[in-house]
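**Q** Structural data only, the sequence is not supplied:
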Ligand code: NAP
Ligand code: MG
């Protein structure tokens, strides 16, 4: 399936109609937060984009009250067909303003425009279209009799796919009949705030969607602890996810957690090598490696290891790093100074622990946060770079001899979000896929997303599924899923 139908043409920042400052969006009104303010910057240039008002606990209280009121008085009384109309309208408005959203996302996040233009924003529209179609069909979804909404959903999202993570959370929540309080990540609030405009344009009743930028430890925590919230949906680090699970243990609040990963991309010697090389690159260098399901560990069969690594470095040398707004750019900026420091620190352990380091030979822009694509070879399973989630453009290469060894090594991680298998042998593909403890296993491809496919983790990668029918169930009282 191609989402290119939704793709806008490339554009410059001239099309953006940004305001110098943004307030919180609560109950259909723009209202200043009491948690101070911060400047959101472009990580590629360190230039400021806009001033963002921040929510404190009292603002979260107001937002939850607004969401509750709209749930009780409007949204829960509406038919599924009516809710669906709003979602269809939102999807179409996203398409209409796709160029603007792509540019804004690239500016705020640092990822290349070709990704926001061809992947992020088209998928956002696809997600809203998909769940719009569910809204009047809940009775047929095989989710039990009279599926009913949970109430108010608190949603906390990360900075790596800002608007797409919003879509993954808001679309199913509204389709199932819930109202929403959403906290975007500190470094990427822009497109979520622009989305508030889309809600207004779509005529969505006030209070159905509330957008509350704020600090994780303040606004995020207040949302998690709020007794008026019926469900918390979180995507982010395993550490914060664990804290949320602890806070909500024994409470009535339902929780879904999408956390970190350390995906294995397994290449057998009968694979189509050139295609596998492209898949390895997509797996770890897409979005600067800021991807929870990234294929950050390459497991390659020993007899083709040298050939694969050679082809990989040769192909990588053709990639362009630089201005994310340039449509020819392949590798953009790292999202924040903090993330750059984290990547640098973990990567430094690679050589110290005996791995060989290859780095893309390229100029780095003088301003902004940049990290050169890096590959470690001669890595062992005990090396930090093979164990810890780096969340950056860093690939660790390990080898194996037999399929059984590949399975053991792939599963040798506390995480379990994604994996990839490259082979022309269908029975081997199925057997290996069956043995991998990962929520998604791609075969002869990597990092493909589709709103009909459930996505989520095993082990420390979290629980619950987003996408498709399972993603809908996560927002229904008798939907079966936790
Ligand atoms: P994070 O702290 O887990 O941030 C995710 C979201 O949770 C943000 O909106 C954040 O707000 C919020 N948050 C932070 N502390 C919170 C708390 N105590 N209660 C409620 N919400 C809270 O992740 P990060 O610091 O941005 O990134 C650190 C690492 O997490 C990365 O290196 C990567 O390994 C992992 N990560 C994973 C994903 C994923 O898709 N699974 C996404 C991002 C990061 P603030 O923005 O204000 O902190
Ligand atoms: Mg920013």
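**A** That came in fine, so what should we check first? Since this is a predicted model, take the numbers as computed values, not measurements. Numbers count the residues shown, from 1 in each chain. Ligands and ions are numbered 1, 2, ... in the order given.
**Q** Is residue 474 in contact with residue 463, as I believe?
**A** No - the pair residue 474 / residue 463 is not scored as a contact, 10.0 Å apart, by C-beta atoms under 8 Å. For glycine as for every other residue, the C-beta is placed from the backbone atoms N, C-alpha and C.
**Q** Strands of the stretch 51-200 of the chain, start to end?
**A** Secondary structure of the stretch 51-200 of the chain (DSSP state E, counting those that start in this stretch): strands located at 152-156, 179-183.
**Q** what residues does the last one touch?
**A** I take that to be strand 179-183. Strand 179-183 is contacted by residues 55, 60, 63-64, 67-68, 70-71, 75, 151-157, 166, 169-170, 173-174, 192, 207-214, 216, 219-220, 223, 229 when judged by C-beta atoms under 8 Å, 6 or more residues apart in numbering.
**Q** can you list the residues of the stretch 251-400 of the chain near ligand 1?
**A** Neighbours of ligand 1 within the stretch 251-400 of the chain, by C-beta under 6 Å from any ligand atom: 258-260, 292, 342, 389, 391.
**Q** Looking at those, state which has the most neighbours.
**A** residue 258 (28 neighbours; other C-beta atoms under 10 Å).
**Q** Pretty sure residue 464 is one of the things it touches, is it not?
**A** Yes - in terms of C-beta under 8 Å, residue 258 counts as a neighbour of residue 464; the distance is 7.4 Å.
**Q** Need the residues touching each of those two.
**A** Common contact partners of residue 258 and residue 464 (C-beta under 8 Å, 6+ apart): residue 456.
**Q** Count the neighbours of residue 324 for me.
**A** Using other C-beta under 10 Å, residue 324 has 28 neighbouring residues.
**Q** and the gap between it and residue 372?
**A** Going from residue 324 to residue 372 by C-beta to C-beta, to the nearest Å gives 15 Å.
**Q** possible to save the residues of the stretch 251-400 of the chain next to ligand 1 as JSON lines with secondary structure, pLDDT and distance to ligand 2?
**A** JSON lines is the format used below for those (DSSP: H, G, I helix; E, B strand; the rest coil; pLDDT from 0 to 100; distance: C-beta to the ion, whole Å):
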{"residue": "258", "secondary structure": "strand", "pLDDT": "97", "distance to ligand 2": "21"}
{"residue": "259", "secondary structure": "coil", "pLDDT": "97", "distance to ligand 2": "22"}
{"residue": "260", "secondary structure": "coil", "pLDDT": "95", "distance to ligand 2": "21"}
{"residue": "292", "secondary structure": "coil", "pLDDT": "97", "distance to ligand 2": "19"}
{"residue": "342", "secondary structure": "helix", "pLDDT": "98", "distance to ligand 2": "17"}
{"residue": "389", "secondary structure": "coil", "pLDDT": "98", "distance to ligand 2": "21"}
{"residue": "391", "secondary structure": "coil", "pLDDT": "98", "distance to ligand 2": "16"}
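**Q** buried sites along stretch 377-385?
**A** Residues 377, 379, 383-385 are the ones in stretch 377-385 that count as buried (16 or more other C-beta atoms under 10 Å).
**Q** wait, I meant stretch 364-372
**A** Residues of stretch 364-372 classed as buried under the neighbour-count rule (16+ other C-beta under 10 Å) are 368-371.
**Q** Quickly check those for the two that are furthest apart.
**A** Using C-beta to C-beta, the buried residues of stretch 364-372 span at most 10.7 Å, a distance reached by 368 and 371.
**Q** need the contact list for the spatially closest residue to residue 337 that is not a sequence neighbour.
**A** The shortest distance from residue 337 to any non-neighbouring residue, by C-beta to C-beta, 6 or more residues apart in numbering, is to residue 369 (5.6 Å). Taking C-beta under 8 Å, 6+ apart as the criterion, residue 369 is in contact with 43-44, 46, 110, 333-337, 339-340.
**Q** can you check residue 394 too?
**A** 284, 289, 296, 343, 346-347, 350, 371, 373-376, 385.
**Q** Among residue 474 and residue 463, which residue is more densely surrounded?
**A** Remark: of residue 474 and residue 463, residue 474 carries more neighbours, 28 against 19, as counted by other C-beta under 10 Å.
**Q** Tell me, what's the model's pLDDT at that one?
**A** With respect to pLDDT, residue 474 scores 94.
**Q** now it: how far from residue 178?
**A** Separation of residue 474 from residue 178 (C-beta to C-beta): 10 Å.
**Q** try residue 240
**A** Residue 240 is 22 Å from residue 178, where distance means C-beta to C-beta.
**Q** Which one of those two is surrounded by more residues?
**A** Between residue 240 and residue 178, counting by other C-beta under 10 Å, residue 178 is the more crowded of the two (25 against 20).
**Q** Quick check: the gap between the more buried one and residue 105.
**A** Using C-beta to C-beta, residue 178 is found at 25 Å from residue 105.
**Q** For the residue nearest to residue 444 when sequence neighbours are not counted, give me its contacts.
**A** Spatial nearest neighbour of residue 444, chain neighbours left out: residue 422 (5.8 Å); criterion: C-beta to C-beta, 6+ apart. Applying C-beta under 8 Å, 6+ apart to residue 422 gives the contacts 265-268, 271-272, 275-276, 279, 443-444.
**Q** So the residue in the chain sticking out farthest from the centre: helix, strand or coil?
**A** Taking C-alpha atoms, centre = their mean as the measure, the residue most remote from the mean C-alpha position of the chain is residue 303, 35.0 Å away. What DSSP: H, G, I helix; E, B strand; the rest coil gives for residue 303 is helix.
**Q** Do I have it right that it meets residue 268?
**A** No - counting by C-beta under 8 Å, residue 303 sits too far from residue 268 to count as a contact (10.1 Å).
**Q** Can you list phi and psi of residue 394 for me?
**A** Main-chain dihedrals, residue 394, degrees, to the nearest 10: phi -130, psi 120.
**Q** Look up the closest residue to residue 344, ignoring the ones flanking it.
**A** Once flanking residues are discounted, residue 344 sits nearest to residue 371: 7.2 Å by C-beta to C-beta, 6+ apart.
**Q** Now name the helix or strand holding the one you found.
**A** Of the helices and strands defined by DSSP states H and E, none includes residue 371.
**Q** pLDDT score assigned to the residue nearest to residue 444?
**A** At residue 422, the model reports a pLDDT of 98.
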